[in-house]
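Q: sequence plus the predicted model coming up.
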Amino acid sequence: MKKPPIIHPFLFGLYFVLFLYSINLFEVELVNVLSAAIAVVGFAGVVMLIPLMLKRGVGKTALMLSVFFLVFFSYGHLYLYIYEIDIFGLTLFRHRFLLPIFVLVLASAGFAIVRSKKDLINLNKIFNATAVFLIVLPLASIGMGFAGDLVSGRDEQDARIRAAGGLENGGRVSDRPDIYYLIFDEFASLRQIKQTYDYDNSAFAQKLNQKGFHVTSGSRTSYLESAWSISAALNMRHLQDNTDVKNKIHYSNVVDILKSRGYKYIHFGSVSSYTAKSPRADININFSYMNDFALNLLKSSMLHYFVHISFNFTQDLVLNTLDALVEMSKTKMPEPKFVFAHILCPHGPFVFGPSGEAVPFKDAMNRVDKSVYLGQYIYTSSRIDQLVTDILANSAKPPAIILQSDHGVRFAADEYAQNIFSAYYLPTECASSLPKSINPVDNFRIIFNCLFGTTYELLGDRDAKARPLHSD
Ligand SMILES: [Zn+2]
């Protein structure tokens, strides 16, 4: 019988990369998808080289490799799907149970293939056909996504927002303080941390008040996804269902207006693609070791459990970013600065205890025990307090600062996920008239009205379209 070409291991490997891409289409960088695809195909190529050179066992190696990809990369998806199921109060599906089962499945399949006396040509043909069928699915979904009518360009509303913030419309030109927009991802509102975590953080708000911050009491975001919340804030408007949120973060109204007023844009990136790096920034600073696509691909695999800690990922990223923000506040520039930072903390993984001590490895993703998130939240509060103290002390002229969470704790399964923490440091003449509750779309409407004498009206959550809750 004629031997079929061995293509299935390459296609199965690629399938998982394309699948992940298809479900995060507009939130990842294409270059990160390509490098992941090259890594997976390259790995398969290296493995297949061995039997090809030995001129034996090509079919069996290909089958084992395909089974390996199927089991290895479906682990994380399955784990996320079933880990919250509990039977009679027992959460069965922990890594300590699931991981050995997967290893056993892999070992048995490998053993069966190696020991098989049968000609495996037909099985290779079936694998080829299955792989071709499977890979069509994410490809079709990607194609349809791109064919969709995506709003990525600037529409009339954006043109109006930009024009209203431009120098020709904006009162004052000389008074341009540095502006900091500091986003602490998933930092609970005072209400949520009190109601759901039974922790009173009003002393933290008090300290900010004493420094001159206006801490809002009832602010809510209209969006539960980080990219949506941040995109709306940076564009001073609500978004449509088909908005290309990543593009709108990269080319935002706020940055355009500030650049037209002579600001330098300093962007502190996170691991998330949409805020990793800004094409419009004058200075990009990012301490991530790997991009979020690679990280998510590893998280979807049998390495799920080991990913975060093995890279000391969050710890280093957060601590280095905070240090660099303080350094930036000391840096003198001829132009005023717009400093943007997206800090994925207290967002998981949980790596800081309440005093900044390391969290046990087993709790890195523990969303069940409330003390784990709370510990990281308490540490983040103290670091924010120190950070703004340093920024205020280092600034030659009083800056404007927005401290904000993009959304509350979403996994708490309470009614407060849309409540956010937000605090504003503005010149005193505006600070006294700030409302109790501010939707993030109005952040820069308020700031520009205050600093530049523009006349933006406040939107609140009017025109906001609810978005379904998504994982990140
Ligand atoms: Zn977020």
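A: Received it, and whenever you're ready, just let me know what you need.
Q: for Val255, helix, strand, or coil?
A: Under the three-state scheme (DSSP: H, G, I helix; E, B strand; the rest coil), Val255 adopts helix.
Q: now the closest residue to it other than its chain neighbours: how far from Lys118?
A: By the measure of C-beta to C-beta, 6 or more residues apart in numbering, the closest residue to Val255 outside its immediate chain neighbours is Arg280, 5.1 Å from it. All C-beta spots, glycine's among them, are computed from the backbone N, C-alpha and C. According to C-beta to C-beta, to the nearest Å, Arg280 stands 60 Å off from Lys118.
Q: what about those two, which has more around it?
A: A count of neighbours by other C-beta atoms under 10 Å puts Arg280 above the other of Arg280 and Lys118, at 15 against 7.
Q: contact partners for that one?
A: Contacts for Arg280 (C-beta atoms under 8 Å, 6 or more residues apart in numbering) come out as His250, Tyr251, Ser252, Val255, Lys259, Tyr265.
Q: which two from those end up farthest apart in space?
A: Of all pairs drawn from these, the greatest distance, 13.3 Å, lies between His250 and Lys259 (C-beta to C-beta).
Q: name the SS class of the residue nearest to Val255, please.
A: Once three-state DSSP is applied, Arg280 turns out coil.
Q: so where is this protein shaky, pLDDT-wise?
A: Scanning the chain for pLDDT under 70 picks out 1, 83-93, 148-153, 168-174, 308-312, 465-472.
Q: nearest residue to the residue in it that the ion sits nearest to in space, please, no chain neighbours.
A: The chain approaches the ion most closely through Ser226 (3.0 Å), counting by C-beta to the ion. Leaving aside its sequence neighbours, Ser226 sits nearest to Asp406 (C-beta to C-beta, 6+ apart; 4.8 Å).
Q: Gly145 now?
A: Distances taken as C-beta to C-beta, 6+ apart put Leu25 closest to Gly145, at 4.5 Å, once the chain neighbours are dropped.
Q: OK, contacts around that neighbour?
A: Contacts of Leu25 by C-beta under 8 Å, 6+ apart are Ile142, Gly145, Phe146.
Q: of those residues - the most surrounded one?
A: Most neighbours among these, by other C-beta under 10 Å: Ile142, with 17 neighbours.
Q: list the contacts for that residue?
A: Leu18, Tyr21, Ser22, Leu25.
Q: what about it, helix or strand, and which?
A: In this assignment (DSSP states H and E), Ile142 forms part of helix 121-147.
Q: next one: Tyr424
A: strand 422-425.
Q: cool, Leu14 as well?
A: Counting by DSSP H and E, Leu14 is part of helix 8-23.
Q: Phe338 now?
A: Per DSSP H and E, Phe338 falls inside strand 337-343.
Q: list the helices and strands that strand packs on?
A: Counting contacts by 3 or more C-beta pairs under 8 Å, 6 or more residues apart in numbering; DSSP states H and E, strand 337-343 packs against strand 179-184, helix 253-260, strand 264-268, helix 313-330.
Q: could you single out the most deeply buried of the ones you listed?
A: Stretch with highest mean neighbour count among the helices and strands packed on strand 337-343: strand 179-184 (a mean of 24; mean count of other C-beta atoms under 10 Å).
Q: quick check: what element follows it along the chain?
A: For strand 179-184, the following helix or strand on the C-terminal side (DSSP H and E) is helix 190-195.
Q: sounds good, over and out.
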